[in-house]
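*Asks:* here is the input, now give the coordinates:
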Amino acid sequence: MAQLLLILLAWCLPAVPQVPWQTCTRCDATGLLPCPKHKAAECAFEKDVLYCSVIAGCAECGGTGSVPCGACVNVEARKKLEERRAGVLKSQGGLKTIDDTMGRPLRKVETAHFVLVWEMEGIKVEKRMVEPHEAMHLYGTRLESLFADYCSTLATDETQFREKTWVFVWFLPKDHNDGSQKFCEVTPTKGGVKLMGVHSRYSVLGNRKEFRTDEQLHRNIVHSVSHLLLSAQKPTAWIGNMKGGWLDEGLAHWFEDRVNGICDNYCMQEDNPNASFENGRYRLGIRKLVAKGDLPPIADVTTHNVDTLTVEMNAIVFSYVDYLIPMGPEKLDALVKKLKNKVLAGEAVRDVYGINLLDLETRWKAWVLETYPTR
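*Replies:* The predicted structure follows:
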């Protein structure tokens, strides 16, 4: 009887912390545990995001993936967890407009600087099939890496962007068609579509018919989102249609190249769906052109909009940017601002770098021959 009473008391009384949280081995001194309603690996995805629609409705963790440790009490950890739960509710309300616009709930995640809608099935990443929930978080992490890289490269920060960029990756063509019209105000014909400016958006059909590998999809998103970030950064303007296509496209290729050393995305691909330059190995191809002296003059290349650059010019403008970036992020940012203020390329380069276009071209060619690979 006494033993039964002890069991009942243990059941009814609240759990009493047994150890200080700093020494708690159950939670590894974090004060938090993975939510028991989800797989521990999936709970780990949620640590670096503000909102994830996959677990947002969980009554146990409130969409955070974490619950307080019952073996200890970490007051600060519990306070931050409550703040996260409140943040999930706030994001859920704010992002409801996306579901309402599309007419159904969409799988999505919100990070510090992006909202990613991921309506894909599983994808193969490095020889492993990755389920949609994990893949969505993987691409959310990749977008944040791009944002950090972009800010570092152009000496800017999050205060220079008024809104988060929205990225939509669809599996079904109809969803891409509908989503592009509803969120980007464009009907797609071939490839992804972008909405430039403050309300920056990108919609793309990501299935295997369009992108055979994860690397191809990754490069495409990096390239396209780079365009969006450049247009959204204050002062807001898209230089790609203001005779600044050389810098706009050059930067997009430069960030794309950082994924795995290949560039295979062209913003004029609707007119040339099989566009390719040296199978994406731009540095090798550019060195060949420079060595032959078979190049359009820089005074011509720097007057084009994005959609009038030839395939060859896409590689050339990548190399221009590749040459300018080591001169410093502050100068590159100043150059961007000049072009956004409709200063012509020659004057902008002279103001920022102190040389004219012909001098820039001469120095660039010498640098290419000295640094780019021959095979």
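
*Asks:* surely Pro20 touches Ala71?
*Replies:* No: the criterion here is C-beta atoms under 8 Å, and Pro20 misses it with Ala71 at 10.3 Å. For every residue, glycine as well, the C-beta is placed using N, CA and C.

*Asks:* and the two? Which one has more around it.
*Replies:* Ala71 (17 against 11; other C-beta atoms under 10 Å).

*Asks:* the more buried one - that's part of a strand, no?
*Replies:* No: Ala71: not assigned to a strand; according to DSSP: H, G, I helix; E, B strand; the rest coil it is coil.

*Asks:* on the three-state scheme, the closest residue to it other than its chain neighbours is what?
*Replies:* Using C-beta to C-beta, 6 or more residues apart in numbering and skipping residues adjacent in sequence, the residue nearest Ala71 is Arg26, 4.4 Å away. Following three-state DSSP, the label given to Arg26 is coil.

*Asks:* can you give me the buried ones in the helix ranked longest in the chain?
*Replies:* In the chain, with assignment by DSSP state H, the single longest helix is helix 75-102. For helix 75-102, a neighbour-count test (16 or more other C-beta atoms under 10 Å) marks 77-78, 81, 84, 87-88, 91-92, 95, 98, 102 as buried.

*Asks:* return the closest of these with respect to Ala348.
*Replies:* Nearest to Ala348 among those is Ile98, at 38.0 Å by C-beta to C-beta.

*Asks:* measure the residue nearest to the closest one when sequence neighbours are not counted to Leu89 for me?
*Replies:* Distance criterion C-beta to C-beta, 6+ apart; nearest residue to Ile98, sequence neighbours excluded, is Leu106 at 6.1 Å. Per C-beta to C-beta, to the nearest Å, Leu106 is found 18 Å from Leu89.

*Asks:* who's in contact with the residue lying closest to Lys288 once chain neighbours are set aside?
*Replies:* Of all residues not flanking Lys288 in the chain, Glu278 sits nearest, at 7.8 Å (C-beta to C-beta, 6+ apart). Listed by C-beta atoms under 8 Å, 6 or more residues apart in numbering, the contact set of Glu278 reads 284-285, 288, 315.

*Asks:* distance of the closest residue in space to Tyr266 that isn't next to it in sequence from Arg219?
*Replies:* With C-beta to C-beta, 6+ apart as the criterion, Tyr266 has its nearest non-adjacent residue at 4.3 Å, and that residue is Ala275. From Ala275 across to Arg219, the span is 14 Å (C-beta to C-beta).

*Asks:* those two: who's more crowded?
*Replies:* Remark: of Ala275 and Arg219, Arg219 carries more neighbours, 24 against 15, as counted by other C-beta under 10 Å.

*Asks:* against which helices or strands is whichever strand or helix holds the more buried one packed?
*Replies:* If you go by DSSP states H and E, Arg219 is part of helix 214-232. Secondary-structure packing of helix 214-232 (3 or more C-beta pairs under 8 Å, 6 or more residues apart in numbering; DSSP states H and E): strand 123-125, helix 132-153, strand 165-170, strand 193-195, strand 201-205, helix 245-260.

*Asks:* the ones you listed into a markdown table, with extra columns for mean neighbour count and mean pLDDT?
*Replies:* Listed next are these as a markdown table, based on neighbours: other C-beta atoms under 10 Å; pLDDT from 0 to 100:
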| stretch | mean neighbour count | mean pLDDT |
| --- | --- | --- |
| strand 123-125 | 18 | 95 |
| helix 132-153 | 19 | 98 |
| strand 165-170 | 25 | 98 |
| strand 193-195 | 22 | 96 |
| strand 201-205 | 24 | 98 |
| helix 245-260 | 24 | 97 |
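
*Asks:* to Lys365, which of these lies closest?
*Replies:* Nearest of those (C-beta to C-beta): helix 245-260, 15.9 Å.

*Asks:* Ala334: neighbour count?
*Replies:* Ala334 is flanked by 16 other residues according to other C-beta under 10 Å.

*Asks:* checking it next. Helix, strand or coil?
*Replies:* helix.

*Asks:* and Leu106, by the same measure?
*Replies:* Following three-state DSSP, Leu106 is assigned to coil.
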